[in-house]
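Q: Need coordinates for the following:
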Amino acid sequence: MKYTVTFKENGQRLDKAVAMLNSELSRSFITKLIDEGKITINGKVEKPSFKVKENDEINIEEIVDVKSDIKEEDIPLDVVYEDDDILIINKPQGMVVHPANGHYSGTLVNALMFMEDSLSSINGVVRPGIVHRIDKDTSGLLCVAKNDNAHHFLAEQLKDHTMAREYMALVRGVIKENSGTVDMPIGRDKNNRQKMAVVKDGKPATTHFAVVERFANHTLIKCQLVSGRTHQIRVHMSAIGYPVEGDPLYAGKNYDKLYKDGQLLVAYKLKLIHPTTKKEMVFNIDLPDYFQKVLEDLR
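A: Numbering: from 1, shown residues only. Sure, this is the predicted structure:
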């Protein structure tokens, strides 16, 4: 959808101007689209507070918002745990979490809609039950809410950092320190809307890491997210000179990849408080076979 800013919207914030131009979109949803780089102005990604001018060109990517566009699909899922409130899924590498441009089928949401009669409606028909995401080529644990009460409770845990998510990653280069913290703000890359980057005016982002094993030219690390920015571990480790092995966006192209089907990054541990019992639950998975094979070859 393309719009031209008129005299009426001149001088308004970008998020407000879009709301004025398209009354069907809420301000919160517009802000989310802007943060995800799906709304551009004059071909560039800007902040929601950016002031628009008359004759500026605003482009909004196609939005999937009709339930009929999302088909139920009989796709087997690795269910780690399930009860009346939550599902813990071990998402495979290569699976997109929810429908978006270019990915209208084969997603986790398509599979969930076939498998479950009830999913939370907090994130609408495009992302039913989805509390948090992991990247397409990152595998591992993901929590799904089966009702709105559970979703609200889990979302608060994400907000106050009481939901702990830990990842295992193989990075290029040998990290000398046994542990460390990367505290760098992350925002949309101004030159490539598909990428995130460390930027001064980005959102606060903190990643803790600890060395598990060192190899000749690689390091196996555990990472714990304090915040949950898009591509956070991938961006942070690349920024300090240790990109995740196999990463198509942040590891560069001028080297022979040990693994060519995506980044070697796995969400292997998830800790949360159950929405109903209020008891702490901890879930762990083993590294997938493809990851184990790379480590065996390195050893």
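Q: C-alpha from now on. contacts and neighbour counts both.
A: Noted.
Q: isn't residue 281 right next to residue 269, touching?
A: No: with contact defined as C-alpha atoms under 8 Å, residue 281 does not reach residue 269; the gap is 10.7 Å.
Q: neighbour-wise, which of those two wins?
A: A count of neighbours by other C-alpha atoms under 10 Å puts residue 269 above the other of residue 281 and residue 269, at 19 against 11.
Q: Kindly state the beta-bridge partners for that one.
A: residue 166, residue 284 (DSSP bridges).
Q: can I assume it is in contact with residue 282?
A: Yes: assessed by C-alpha under 8 Å, residue 269 is found in contact with residue 282 at 7.3 Å.
Q: looking at the chain, which helix or strand does the model trust least?
A: helix 27-35 (a mean of 81; mean pLDDT, DSSP states H and E).
Q: Can you give the domain ranges for this protein?
A: Domains of the chain are assigned by automatic domain parsing as 2-60, 67-160, 166-266+294-298.
Q: Name the helix or strand for residue 20, please.
A: For residue 20, the element it lies in under DSSP states H and E is helix 14-21.
Q: And that helix, what does it pack against?
A: helix 27-35 (3 or more C-alpha pairs under 8 Å, 6 or more residues apart in numbering; DSSP states H and E).
Q: Just give me the neighbour total for residue 87.
A: 20.
Q: Can you name the residues that contact it?
A: 79-81, 143-146 (C-alpha atoms under 8 Å, 6 or more residues apart in numbering).
Q: For the residue lying closest to it once chain neighbours are set aside, which three-state class applies?
A: Leaving aside its sequence neighbours, residue 87 sits nearest to residue 144 (C-alpha to C-alpha, 6 or more residues apart in numbering; 5.0 Å). Under DSSP: H, G, I helix; E, B strand; the rest coil, residue 144 falls in the strand class.
Q: does residue 297 count as helix, strand or coil?
A: Per three-state DSSP, residue 297 ends up helix.
Q: For it, report the pLDDT, please.
A: pLDDT, residue 297: 93.
Q: Kindly report the same for residue 69.
A: Per the predicted model, pLDDT is 59 at residue 69.
Q: mind listing the helices for the stretch 1-150 of the chain?
A: Remark: helices assigned in the stretch 1-150 of the chain by DSSP state H, counting those that start in this stretch are 14-21, 27-35, 108-115, 148-159.
Q: nearest to residue 4, of these?
A: Taking C-alpha to C-alpha, helix 14-21 is the member of the helices of the stretch 1-150 of the chain nearest to residue 4, at 8.9 Å.
Q: could I have that closest one exported to CSV, CA atoms only?
A: In CSV, the C-alpha atoms belonging to helix 14-21 read as follows (Å, rounded to 0.1, in the frame of the first residue of the first chain):
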residue,chain,number,x,y,z
LEU,A,14,5.1,8.9,11.1
ASP,A,15,3.0,6.5,13.2
LYS,A,16,0.2,9.1,13.6
ALA,A,17,0.4,10.0,9.9
VAL,A,18,-0.1,6.4,8.9
ALA,A,19,-3.0,6.1,11.3
MET,A,20,-4.6,9.1,9.6
LEU,A,21,-4.0,7.7,6.1
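Q: Touching that helix from outside, list them.
A: By C-alpha under 8 Å, 6+ apart, helix 14-21 touches 3, 5, 9, 25-27, 30-31, 34, 47-52.
Q: Try it again at 10 Å.
A: Identification of contacts with helix 14-21 by C-alpha atoms under 10 Å, 6 or more residues apart in numbering yields 2-6, 8-13, 22, 25-34, 39-41, 46-53, 58-60.
Q: one step back: ok, and for the helix holding residue 20, which residues are buried?
A: 14-21 (16 or more other C-alpha atoms under 10 Å).
Q: Same check on stretch 269-276?
A: Going by 16+ other C-alpha under 10 Å, stretch 269-276 has these buried residues: 269-270, 272-273, 275.
Q: do the same with stretch 251-266
A: In stretch 251-266, residues buried by neighbour count (16+ other C-alpha under 10 Å) are 251, 257, 262-266.
Q: out of these, who's nearest residue 165?
A: Closest to residue 165, out of all of the buried residues of stretch 251-266 and judged by C-alpha to C-alpha, is residue 266, at 10.5 Å.
Q: where are the low-confidence patches of this structure?
A: Along the chain, the parts satisfying pLDDT under 70 run over 24, 62-69, 100-104, 122-127, 253-256.
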